[in-house]
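Undergrad: Need a 3D model of the sequence below.
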Amino acid sequence: MKNLKIIMLLGVVSFLLYSFTLTIQEEWIVPDKYKTMQNPIDPGVDKAIGKSLYSKHCKSCHGKEGYGDGPKADEVDGEIGDFSSEDYQAQTDGALFYKTTFGRDDMPEYTKKMPDDEDRWLIVNYMRTLAE
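TA: Numbering: from 1, shown residues only. The predicted structure is shown next:
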(Lines give C-alpha, C1' and ligand atoms only; values in the text may rest on other atoms or scores of the structure.)
Protein backbone atom coordinates (compact mmCIF):
# COMPACT_ATOMS: atom_id res chain seq x y z
CA MET A 1 0.00 0.00 0.00
CA LYS A 2 2.87 2.39 0.84
CA ASN A 3 4.50 1.71 -2.53
CA LEU A 4 1.23 2.49 -4.32
CA LYS A 5 0.98 5.87 -2.54
CA ILE A 6 4.56 6.71 -3.46
CA ILE A 7 3.95 5.78 -7.10
CA MET A 8 0.76 7.85 -7.20
CA LEU A 9 2.52 10.80 -5.57
CA LEU A 10 5.38 10.58 -8.08
CA GLY A 11 2.83 10.43 -10.91
CA VAL A 12 1.04 13.55 -9.71
CA VAL A 13 4.30 15.45 -9.19
CA SER A 14 5.55 14.39 -12.64
CA PHE A 15 2.29 15.52 -14.25
CA LEU A 16 2.44 18.90 -12.49
CA LEU A 17 6.05 19.47 -13.52
CA TYR A 18 5.25 18.52 -17.11
CA SER A 19 2.24 20.87 -17.16
CA PHE A 20 4.32 23.69 -15.69
CA THR A 21 7.05 23.32 -18.31
CA LEU A 22 4.47 23.56 -21.09
CA THR A 23 3.49 27.03 -19.90
CA ILE A 24 7.06 28.34 -19.92
CA GLN A 25 8.20 29.49 -23.32
CA GLU A 26 11.86 29.20 -24.13
CA GLU A 27 13.79 32.35 -24.89
CA TRP A 28 13.76 33.10 -28.60
CA ILE A 29 17.42 33.00 -29.59
CA VAL A 30 18.28 35.25 -32.52
CA PRO A 31 21.59 34.57 -34.32
CA ASP A 32 24.14 37.38 -33.96
CA LYS A 33 24.20 38.12 -37.68
CA TYR A 34 20.50 39.04 -37.48
CA LYS A 35 20.80 41.00 -34.23
CA THR A 36 23.22 43.39 -35.94
CA MET A 37 21.51 43.38 -39.35
CA GLN A 38 20.55 46.86 -40.50
CA ASN A 39 17.10 47.57 -41.91
CA PRO A 40 17.62 48.60 -45.54
CA ILE A 41 14.18 50.24 -45.80
CA ASP A 42 13.74 53.83 -44.64
CA PRO A 43 11.00 53.85 -41.94
CA GLY A 44 9.31 56.80 -43.66
CA VAL A 45 8.93 54.92 -46.96
CA ASP A 46 5.89 52.87 -47.92
CA LYS A 47 4.20 52.95 -44.49
CA ALA A 48 0.87 52.12 -46.12
CA ILE A 49 2.33 48.97 -47.69
CA GLY A 50 3.77 47.86 -44.34
CA LYS A 51 0.40 48.41 -42.66
CA SER A 52 -1.39 46.51 -45.43
CA LEU A 53 1.01 43.56 -45.18
CA TYR A 54 0.66 43.57 -41.37
CA SER A 55 -3.14 43.56 -41.70
CA LYS A 56 -3.03 40.65 -44.12
CA HIS A 57 -0.45 38.45 -42.37
CA CYS A 58 -0.17 39.48 -38.71
CA LYS A 59 -3.32 41.16 -37.41
CA SER A 60 -5.32 37.95 -36.97
CA CYS A 61 -3.06 36.89 -34.08
CA HIS A 62 -1.26 40.07 -33.03
CA GLY A 63 -4.28 42.38 -33.24
CA LYS A 64 -4.87 45.72 -34.90
CA GLU A 65 -2.73 47.61 -32.39
CA GLY A 66 -0.18 44.80 -31.85
CA TYR A 67 -1.29 43.95 -28.30
CA GLY A 68 -1.49 40.21 -29.05
CA ASP A 69 -5.27 40.27 -28.93
CA GLY A 70 -6.25 39.32 -32.47
CA PRO A 71 -9.21 37.01 -33.17
CA LYS A 72 -6.91 33.96 -33.48
CA ALA A 73 -4.82 34.79 -30.39
CA ASP A 74 -6.70 32.32 -28.19
CA GLU A 75 -5.70 29.48 -30.54
CA VAL A 76 -1.99 30.14 -29.95
CA ASP A 77 -0.23 28.13 -27.23
CA GLY A 78 2.65 30.47 -26.48
CA GLU A 79 2.93 34.11 -25.53
CA ILE A 80 2.09 36.34 -28.50
CA GLY A 81 3.68 39.45 -27.07
CA ASP A 82 2.79 43.11 -27.13
CA PHE A 83 4.40 45.07 -29.97
CA SER A 84 3.82 48.32 -28.10
CA SER A 85 5.82 47.23 -25.05
CA GLU A 86 9.27 48.57 -24.21
CA ASP A 87 10.74 45.06 -24.23
CA TYR A 88 9.48 44.40 -27.73
CA GLN A 89 10.54 47.79 -29.06
CA ALA A 90 14.01 47.38 -27.51
CA GLN A 91 14.79 44.55 -29.94
CA THR A 92 16.85 45.39 -33.01
CA ASP A 93 15.22 45.59 -36.42
CA GLY A 94 17.34 42.61 -37.42
CA ALA A 95 15.98 40.52 -34.54
CA LEU A 96 12.40 41.40 -35.50
CA PHE A 97 13.16 40.60 -39.13
CA TYR A 98 14.56 37.20 -38.10
CA LYS A 99 11.51 36.35 -36.01
CA THR A 100 9.12 37.49 -38.74
CA THR A 101 11.06 35.57 -41.38
CA PHE A 102 11.67 32.23 -39.67
CA GLY A 103 9.02 32.02 -36.95
CA ARG A 104 8.87 29.27 -34.33
CA ASP A 105 6.21 27.21 -32.62
CA ASP A 106 2.84 28.79 -33.52
CA MET A 107 4.51 31.73 -35.28
CA PRO A 108 4.72 30.66 -38.93
CA GLU A 109 7.71 31.05 -41.20
CA TYR A 110 7.01 33.73 -43.79
CA THR A 111 9.63 33.01 -46.44
CA LYS A 112 7.02 31.32 -48.64
CA LYS A 113 4.04 33.61 -47.98
CA MET A 114 6.25 36.69 -48.36
CA PRO A 115 9.31 35.64 -50.35
CA ASP A 116 10.48 39.24 -50.81
CA ASP A 117 12.66 40.37 -47.88
CA GLU A 118 11.56 43.96 -48.48
CA ASP A 119 7.98 43.07 -47.51
CA ARG A 120 9.10 41.70 -44.15
CA TRP A 121 11.26 44.79 -43.55
CA LEU A 122 8.21 46.96 -44.28
CA ILE A 123 6.29 45.01 -41.63
CA VAL A 124 9.12 45.57 -39.14
CA ASN A 125 8.90 49.31 -39.85
CA TYR A 126 5.14 49.23 -39.36
CA MET A 127 5.45 47.28 -36.09
CA ARG A 128 7.71 50.06 -34.82
CA THR A 129 4.82 52.52 -35.21
CA LEU A 130 2.70 50.45 -32.82
CA ALA A 131 4.62 51.91 -29.87
CA GLU A 132 3.49 55.40 -30.77
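Undergrad: Every contact and neighbour count from this point should use C-alpha atoms.
TA: OK.
Undergrad: what sits against the nearest residue to Phe83 once chain neighbours are set aside?
TA: Distances taken as Cα to Cα, 6 or more residues apart in numbering place Gly66 nearest to Phe83, at 5.0 Å, with adjacent residues excluded. Residues in contact with Gly66, defined by Cα atoms under 8 Å, 6 or more residues apart in numbering, are 59, 82-84, 127, 130.
Undergrad: switch the cut-off to 7 Å
TA: 82-84, 130 (Cα atoms under 7 Å, 6 or more residues apart in numbering).
Undergrad: and of those, the nearest to Tyr54?
TA: Leu130 (11.2 Å; Cα to Cα).
Undergrad: With Asp119 as the reference, measure out to Lys64.
TA: Going from Lys64 to Asp119 by Cα to Cα, to the nearest Å gives 18 Å.
Undergrad: what kind of secondary structure is the nearest residue to Met114 once chain neighbours are set aside in?
TA: Ranked by Cα to Cα, 6+ apart and with sequence neighbours excluded, the top spatial neighbour of Met114 is Arg120, at 7.1 Å. Per DSSP: H, G, I helix; E, B strand; the rest coil, the local secondary structure of Arg120 is helix.
Undergrad: Could you tell me how far Arg120 is located from Asp82?
TA: 18 Å.
Undergrad: what's the answer for Gly68, then?
TA: As judged by Cα to Cα, Gly68 and Asp82 stand 6 Å apart.
Undergrad: what do you get for Gly66?
TA: Computed with Cα to Cα, the distance linking Gly66 and Asp82 is 6 Å.
Undergrad: Ok, Thr111 next?
TA: Taking Cα to Cα, one finds Thr111 at 23 Å from Asp82.
Undergrad: Just want to know which of the two has more residues nearby.
TA: Asp82 (19 against 14; other Cα atoms under 10 Å).
Undergrad: which intervals of the protein have sub-threshold pLDDT?
TA: For the chain, the stretches flagged by pLDDT under 70 are 3-25, 132.
Undergrad: Can you flag the buried ones in the contacts of Gly66?
TA: 82-84, 130 (16 or more other Cα atoms under 10 Å).
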